[in-house]
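[1] Quick one, fold the following:
(2 chains)
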Amino acid sequence: MSEIYDIGYRHYDGPRLGRGYATRALAVHSLRGVFGLGRTARSKIVPFSLAAIMLLPAIVSIALMALAKQRGIPYSGFAVIMQAVVATFLASQAPTVVAPDLRHRVLPLYLSRPVAVVEYVTAKVAAMTVALFLLVAVPLTLMYAGELLVDLEGPPLTQEYLGAVLMALVLAVLLSAFGLAISSFTPRRGLGVASVIAVYLLSSASVPVVYGTLYSSGNESAAAWAWLANPFWLVDSVQSWLFGTPPHSIESAAYPSGPASLAILVLLIAVGLIALALRYRKAASR
Amino acid sequence: MNPPNPRGTHTSRSKAMNAVVAGITYRALLGRRRIILLLLLPLALIGLALLLRLFGEGDQRSAVLLMQNFAIGTMLPLLGLIAGTGVIAPEIDDGTIIHLMSKPISRPVIARTKFLVAASLLALFAAVPTYVSAWLLVRNEDGIAPGFALGALVAGIAYAAVFLLLGVITRHAVTIGIVYALVWESLVGNLVPGARKFSIQQWAQSIADQISGSPFLRTDVSLGFAVPAIIIVTLGAVLWTGHRLRAFSLTGDE
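    Here you go, the predicted model:
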């Protein structure tokens, strides 16, 4: 004696929100993950303390403007001066965006939904870009607001501020494309952190040595190209070409030509994104 | 009659280290992609030394600068971080440490074994390239090459112990280690003279200064402080790691 029970399975009749919605949801989820929102208190410590360190120079700068009536850190040089903190943030948080999905092999689950590899990578890069942009742009905006309130002599440096914010966005795209590409090659978080910081330190510690050697041996024009090996100085060189700001390299050394810097910048962003896409195409097929 | 245990783990309680654990750890660190990371920095150091040799004059000043800024200041802490946390943190991260903990091997022996593996890797990947790159620039003039090599060796041992302890204490060992190496040792150490006394890099330079007679190398920390400090830090960190492992609890991932 058997009987078929209707246990109430139903079709989903609601609206299908589609690809764009899923990508946006993934991006927002990843962005929250970068700052540890929705996770344990322990995973909030590192991102928020680094963000607080980024705010300190802005506060000191405002205090200088208010009390001593002089400017502190220039807007255009903020990212270069704070590069160690930004790089630490990138290194410590980029693996949290990509490593868990790789380690727990949940990529096929994502890809069984309308989200394809391109959307997945776009969402992750967008999340990291927004996080890095906020990290740099919020202190800049705070400083600008301080300048408007303090009312220094002369007009406010609106153009320099807007240029710095735009370059912060470019820097964020470059850093997140590279940071995510490097850290996506290992499913282990600690190894990802170490890889990203190793690549950054290689670029930042070798640049002064290479520059100094070439400069002292008389190859001054060749020496200037050494600055472009570090992402922060690369973006600064583009900024100094586009907006006419003074170079913020060590001892204000001049950069090589601006258009070439821009071409290298665009090329590097493309390389990072392509590496990321190829990596995920391979990971998705496993 | 009981057959003798082929791995001899029941006698390991009295030994300084366990060969099987050491072998597994070596394989985990040198296999796959991690060895690229361990090779990247020493190769960059030797590459920079070659570049200086080709384009610069290869004088003592540039050799000491390269050693202080790149070999001791950048490569050594980073390799210490990768090797020191790498011997234990990944196992804690993915939970496979439980297989090691459930074996009848005393936890201090595990800690000592992991420490010896990390220290030997640092000797190979940090101290040897330091000697080679300094030798490329100035040969054995004024003892710069042997001085910095010994400094890198001793400081590498201390870094291995400290970062091993950090890897056992926290899951954010690599990030905290980077902040220590970048912010404390580089930034604070350069600005605040008092902080230099508590920096492993400065202890390494004191040792290098003792052997080398180069006039371009000046250090602030006396050898009488640096040597006891290194010994205390290394021994303390290894003992604490062993103690920490004895009462280790595996917590879930965040």
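[2] looking at it, A:Pro259 is touching A:Val238, isn't it?
    No: counting by CB atoms under 8 Å, A:Pro259 does not reach A:Val238; the two are 9.3 Å apart. Backbone N, C-alpha and C define where each C-beta goes, glycine included.
[3] between the two, which one's more packed in?
    A side-by-side neighbour count of A:Pro259 and A:Val238, using other CB atoms under 10 Å in any protein chain shown, places A:Val238 first with 24 against 10.
[4] Does anything pack onto the helix or strand the more buried one falls within? Which helices or strands?
    In the assignment (DSSP states H and E), A:Val238 maps to helix A:231-243. Contacts defined by 3 or more CB pairs under 8 Å, 6 or more residues apart in numbering or on different chains; DSSP states H and E place helix A:231-243 against helix A:78-81, helix A:158-183, helix A:189-216, helix A:258-284.
[5] could those go into TSV alongside mean pLDDT and distance to chain B?
    Listed next are the helices and strands packed on helix A:231-243 as TSV, based on pLDDT from 0 to 100; distance: least, CB to the nearest CB, whole Å:
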stretch	mean pLDDT	distance to chain B
helix A:78-81	90	12
helix A:158-183	94	10
helix A:189-216	83	4
helix A:258-284	90	13
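[6] Nearest approach to B:Phe70 belongs to which of these?
    Among the helices and strands packed on helix A:231-243, the nearest to B:Phe70 by CB to CB is helix A:189-216 (5.3 Å).
[7] can you give me the angle the closest one makes with helix A:158-183?
    Computed with axes from the mean of the first three to the mean of the last three CA atoms, to 10 degrees, the direction of helix A:189-216 lies at 120 degrees from that of helix A:158-183.
[8] So for the helix or strand just after helix A:189-216, what gets flagged as buried?
    Later in the chain than helix A:189-216, the nearest helix or strand by DSSP H and E is helix A:220-224. For helix A:220-224, burial by neighbour count (16 or more other CB atoms under 10 Å in any protein chain shown) applies to A:223-224.
[9] tell me what helix A:220-224 is packed against?
    Short answer (3+ CB pairs under 8 Å, 6+ apart): helix A:220-224 packs on helix A:189-216.
[10] Distance from the chain centre to the helix it packs on, please.
    17 Å (CA atoms, centre = their mean, to the nearest Å).
[11] Over to stretch B:94-103?
    With CA atoms, centre = their mean, you get 24 Å for stretch B:94-103.
[12] So for that stretch, mean pLDDT?
    For stretch B:94-103, the mean per-residue pLDDT is 84.
[13] how long is that stretch end to end?
    Using CA to CA, to the nearest Å, one end of stretch B:94-103 lies 18 Å from the other.
[14] hmm, who's touching that stretch?
    Applying CB atoms under 8 Å, 6 or more residues apart in numbering or on different chains, the contact partners of stretch B:94-103 are A:103, A:188, B:9, B:21, B:88, B:91, B:107, B:110, B:245, B:248, B:250.
[15] circling back to that earlier point, tell me which residues of the helix holding A:Val238 come out buried.
    A:231-241, A:243.
[16] same thing with stretch A:126-145?
    For stretch A:126-145, by 16+ other CB under 10 Å, it's A:126-137, A:139-144.
[17] Also stretch A:153-164?
    Residues of stretch A:153-164 classed as buried: A:157, A:160-161, A:163-164 (neighbour count, 16+ other CB under 10 Å).
[18] any chance you could read off phi and psi for A:His104?
    A:His104 has phi and psi values of phi -90, psi 10 when expressed as degrees, to the nearest 10.
[19] Same check on A:Leu37?
    According to degrees, to the nearest 10, A:Leu37 has phi -70, psi 140.
[20] From what I see, it and A:Lys44 are in contact.
    Yes: contact status for A:Leu37 versus A:Lys44: in contact at 7.4 Å, counting by CB under 8 Å.
[21] roughly how far apart are the most centrally placed residue in chain A and B:Leu38?
    Centroid-nearest residue in chain A, with CA atoms, centre = their mean: A:Ala172, separated by 3.2 Å. For A:Ala172, the distance to B:Leu38 equals 30 Å [CB to CB, to the nearest Å].
[22] In the contacts of stretch B:94-103, which has the lowest confidence score?
    Scoring the contacts of stretch B:94-103 by pLDDT puts B:Thr9 last, at 46.
[23] tell me which element the closest residue to A:Ser92 other than its chain neighbours falls in.
    In this structure, A:Ser92 finds its nearest non-sequential neighbour in B:Thr175, 4.1 Å apart by CB to CB, 6 or more residues apart in numbering or on different chains. Assigned by DSSP H and E, B:Thr175 belongs to helix B:173-179.
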